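**Student:** I need the structure of the sequence given here:
(one chain, ligands or ions: 1)
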Amino acid sequence: ASLKKYQFDIQVKNVSRLCHAKPIVTVNGMFPGPTVYVREGDRVLINVTNYAQYNMSIHWHGLKQFRNGWADGPAYITQCPIKTGHSYTYDFKVTGQRGTLWWHAHIFWLRATVYGAIVIMPKQGTPFPFPQPHREFNIVLGEWWNTDVEKEVTKGNKLGLPPRASDAHTINGKPGPLFPCSEKHTYVVEVEQGKTYLLRIINAALNDELFFAIAGHNMTIVEIDAVYTKPFTTEALLIAPGQTTNVLVQTNQIPSRYFMASRPFMDVPLTIDNKTATAILQYKGIPNTVIPSLPHLPAPNDTTFGLNYTTKLKSLNSPQFPANVPLNVDRNLFYTIGLGMNQCPTCQNGTQLTASLNNITFVMPKIGLLQSHYFNINGVFRTDFPDRPATPFNYTGAPLTANLGTSLGTRLSKISYNSTVELVLQDTNLLTVESHPFHLHGYNFFVVGTGIGNFNPAKDPAKYNLVDPPERNTVGVPTGGWTAIRFRADNPGVWFMHCHLELHTSWGLKTAFLVEDGQGPDQSILPPPKDLPPC
Ligand code: C2O
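**Tutor:** Numbers count the residues shown, from 1 in each chain. Below you'll find the predicted structure:
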């Protein structure tokens with residue numbers, strides 16, 4: 001193990017895409033930002049210095065930050081923002097994880113441009129549990145707005161409506177030649193014939209689940225969210241915001257140029273978004289004049305593809321990498337996900353779109369929750385988040401417009417140290433159904449079951465996979481359906497959980513777990529670093 005140091009300067013830089021130039025917030029002037037390369041077991045110091053006129057905070061998405069929420073990053077949850085002219089060093093150890101994760105701004109909508117990959121190499125001398133690739137490259141999927149995203153959000157908030165959709169999807173910050181003025185903004189990777197390549201795919205988009213495929217080439221899925229999977233081969237994959245997927249690709253086709261493409265999965269098209277981002281897989285020696293062909297992507301509303309694909313995802317569960325699924329449950333939680341309407345005196349129409357868990361819309365505190373907990377500051381949050389809705393109802397029945405109003409609150413669920421938790425996330429049809437990628441900070445969890453319709457506690461648990469379920473940090477709750485996850489609460493701290501669609505997070509589709517300290521010597525939250533940004 002060694003010490004890896006990075007300097008992240010938050011700077012505003014002019015970037016032009018789609019014939020539009022605009023100032024964007026970046027790390028070190030790069031878009032996307034720099035890749036963080038570490039090895040399992042390393043200690044990492046990342047000094048973030050903020051030169052921009054925005055508050056900043058960076059989250060290392062998927063890193064467990066054992067007992068060390070101080071380095072997790074979500075603003076007002078584990079720290080207050082790094083103000084203009086200030087610095088903070090994220091100091092953490094990478095233990096028991098290897099694979100692809102990513103980092104992003106975790107304040108306002110700034111992750112629209114502030115994001116990058118994290119590559120964790122296995123411990124020295126530990127090979128991958130799959131064929132050693134010849135080379136590897138990162139595919140970071142994102143979105144681009146021609147206008148200032150923060151301003152769009154403010155505009156939308158005044159109306160109580162979503163901001164307008166992005167103008168393009170991007171691959172490594174580039175939309176590709178299907179968009180205007182984008183010929184030179186195309187990501188091209190050069191490959192040799194007859195080799196195996198590892199692609200580290202990250203969905204950094206704000207609001208879209210994405211299909212991804214490569215023309216003429218199959219992909220073998222080997223890892224999701226930095227956990228090895230049972231390998232399987234597929235023509236296309238589905239990836240939700242927050243998720244990562246590693247695939248092996250064999251360059252076994254006629255040397256040519258092939259498009260790699262991503263396009264949104266939209267089973268409930270509230271707004272039609274079928275923008276296709278492209279990049280090019282180019283065999284060595286093939287001239288740039290060869291016109292690539294597009295891959296076959298599933299139709300935008302192909303739910304069947306999504307269901308088939310996700311049921312194929314299974315943990316590797318080998319002797320070296322066992323899946324330690326909790327078989328008994330100490331604490332059963334059932335949270336309903338609702339999109340609805342609320343009163344909004346400051347909005348133009350007096351109402352606003354809102355989102356809730358168990359009918360509670362989360363209100364961001366003014367002081368970091370972790371600090372409030374650690375230093376016993378009263379009045380910042382409550383720990384009475386309900387384990388289940390007060391009255392069960394037909395969650396996925398006809399739109400339940402009578403029940404749209406939600407209550408507001410900064411309410412957390414308190415979890416005993418080392419207890420095993422099962423959480424069923426149930427989509428509801430309060431206003432409309434939609435799929436929601438849920439992300440839990442500080443943990444991986446096992447996705448033990450999923451289904452369409454209302455969760456049935458008498459029947460569905462019998463069908464759980466408790467042997468080799470996928471282990472991840474972000475999971476899609478299907479449209480009009482449910483997902484059951486399990487984890488052992490062995491990481492004390494305050495851990496955010498939210499929908500990773502930025503739109504829904506900003507509407508309040510979030511909560512946090514307060515995992516109590518244990519009694520043992522290594523079972524409590526570490527002391528905060530000296531330079532933790534003050535509130
Ligand atoms: Cu990648 Cu709280 O998020």
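**Student:** So which bits of the protein are right by the ligand?
**Tutor:** 59, 61, 74, 104, 106, 242, 439, 441, 496, 498, 500 (Cβ under 6 Å from any ligand atom). To be clear about C-beta, it is placed using only N, CA and C from the backbone, and glycine gets the same treatment.
**Student:** where in the stretch 301-450 of the chain is pLDDT low?
**Tutor:** By pLDDT under 70, the low-scoring segments of the stretch 301-450 of the chain are 401-404.
**Student:** which residues in it form helices?
**Tutor:** 303-312, 369-374 (DSSP state H, counting those that start in this stretch).
**Student:** Just give me how far the shortest one sits from the chain centre.
**Tutor:** Relative to its parent chain, helix 369-374 has a centroid offset of 24 Å by Cα atoms, centre = their mean, to the nearest Å.
**Student:** From the contact counts, what lies against it?
**Tutor:** Secondary-structure packing of helix 369-374 (3 or more Cβ pairs under 8 Å, 6 or more residues apart in numbering; DSSP states H and E): strand 493-499, strand 510-515.
**Student:** can you count the residues close to the closest residue to residue 522 other than its chain neighbours?
**Tutor:** With Cβ to Cβ, 6 or more residues apart in numbering as the criterion, residue 522 has its nearest non-adjacent residue at 7.4 Å, and that residue is residue 67. Number of residues near residue 67 (other Cβ atoms under 10 Å) recorded here: 19.
**Student:** Which secondary structure state does residue 67 sit in?
**Tutor:** For residue 67, the assignment made with DSSP: H, G, I helix; E, B strand; the rest coil gives coil.
**Student:** from what I can see it touches residue 495, true?
**Tutor:** No. Counting by Cβ atoms under 8 Å, residue 67 does not reach residue 495; the two are 11.6 Å apart.
**Student:** quick check, residue 155 in a helix?
**Tutor:** Yes. According to three-state DSSP, residue 155 belongs to a helix.
**Student:** show me the contacts for it.
**Tutor:** Residue 155 is in contact with residue 163, counting by Cβ atoms under 8 Å, 6 or more residues apart in numbering.
**Student:** Okay, it and the ligand: tell me how far apart.
**Tutor:** Counting by Cβ to the nearest ligand atom, to the nearest Å, the separation of residue 155 from the ligand is 24 Å.
**Student:** on that earlier part again, so which of the helices and strands packed on helix 369-374 is the most surrounded?
**Tutor:** Most buried of these by mean neighbour count (mean count of other Cβ atoms under 10 Å) is strand 493-499; its value is a mean of 26.
**Student:** okay, the helices and strands packed on helix 369-374 in TSV with mean pLDDT next?
**Tutor:** What follows is the helices and strands packed on helix 369-374, written out as TSV (pLDDT from 0 to 100):
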stretch	mean pLDDT
strand 493-499	98
strand 510-515	98
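**Student:** Quick check on residue 348: phi, psi?
**Tutor:** phi -60, psi -40 (degrees, to the nearest 10).
**Student:** To clarify, my last question referred to residue 36.
**Tutor:** phi -90, psi 120.
**Student:** ok, how many other residues are close to the closest residue to it other than its chain neighbours?
**Tutor:** Spatial nearest neighbour of residue 36, excluding adjacent residues (Cβ to Cβ, 6+ apart): residue 118 at 4.6 Å. Look at residue 118: counted by other Cβ under 10 Å, it has 25 neighbours.
**Student:** and what of the one 10 residues further on?
**Tutor:** Close neighbours of residue 128, defined as other Cβ under 10 Å, add up to 17.
**Student:** residue contacts, the residue lying closest to it once chain neighbours are set aside?
**Tutor:** Sequence neighbours aside, residue 122 is the residue nearest to residue 128 in space, at 6.7 Å (criterion: Cβ to Cβ, 6+ apart). By Cβ under 8 Å, 6+ apart, the contact list for residue 122 reads 39, 40, 98, 128.
**Student:** nearest spatial neighbour of the residue of the stretch 51-200 of the chain found nearest the ligand, skipping sequence neighbours?
**Tutor:** The ligand sits closest to residue 61 of the stretch 51-200 of the chain, with a gap of 3.7 Å, by Cβ to the nearest ligand atom. Nearest non-adjacent residue to residue 61, counting by Cβ to Cβ, 6+ apart: residue 102, 5.2 Å away.
**Student:** For whichever strand or helix holds that neighbour, the averaged confidence score.
**Tutor:** In the assignment (DSSP states H and E), residue 102 maps to strand 99-105. Within the predicted structure, the mean pLDDT of strand 99-105 is 98.
**Student:** re the thing from before, the residue nearest to residue 522 and residue 58: what is the separation?
**Tutor:** Residue 67 sits 19 Å away from residue 58, going by Cβ to Cβ, to the nearest Å.
**Student:** Could you do residue 68 as well?
**Tutor:** 15 Å.
**Student:** Neighbour count: those two, which is higher?
**Tutor:** Legend: neighbour count by other Cβ under 10 Å for residue 68 and residue 58, higher for residue 58 (30 against 23).
**Student:** Does the more buried one touch residue 102 like I think?
**Tutor:** No. Residue 58 is beyond contact range of residue 102, at 10.8 Å (criterion: Cβ under 8 Å).
**Student:** that older thread, can you say which helix or strand has the residue nearest to residue 36 in it?
**Tutor:** strand 115-121.
**Student:** Now that strand: buried residues?
**Tutor:** 115, 116, 117, 118, 119, 120 (16 or more other Cβ atoms under 10 Å).
**Student:** Just the closest of those residues to residue 408, please.
**Tutor:** residue 115 (29.5 Å; Cβ to Cβ).
**Student:** coming back round to it: can you lay out the helices of the stretch 301-450 of the chain as a markdown table showing mean neighbour count?
**Tutor:** Converted to a markdown table, the helices of the stretch 301-450 of the chain look like this (neighbours: other Cβ atoms under 10 Å):
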| stretch | mean neighbour count |
| --- | --- |
| helix 303-312 | 16 |
| helix 369-374 | 24 |
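**Student:** Reformat these as TSV; add distance to residue 424.
**Tutor:** As requested, those are exported to TSV (distance: least, Cβ to Cβ, whole Å):
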stretch	distance to residue 424
helix 303-312	16
helix 369-374	24
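**Student:** Show me the one of these that comes nearest residue 320.
**Tutor:** Closest among the helices of the stretch 301-450 of the chain, using Cβ to Cβ: helix 303-312, at 21.8 Å.
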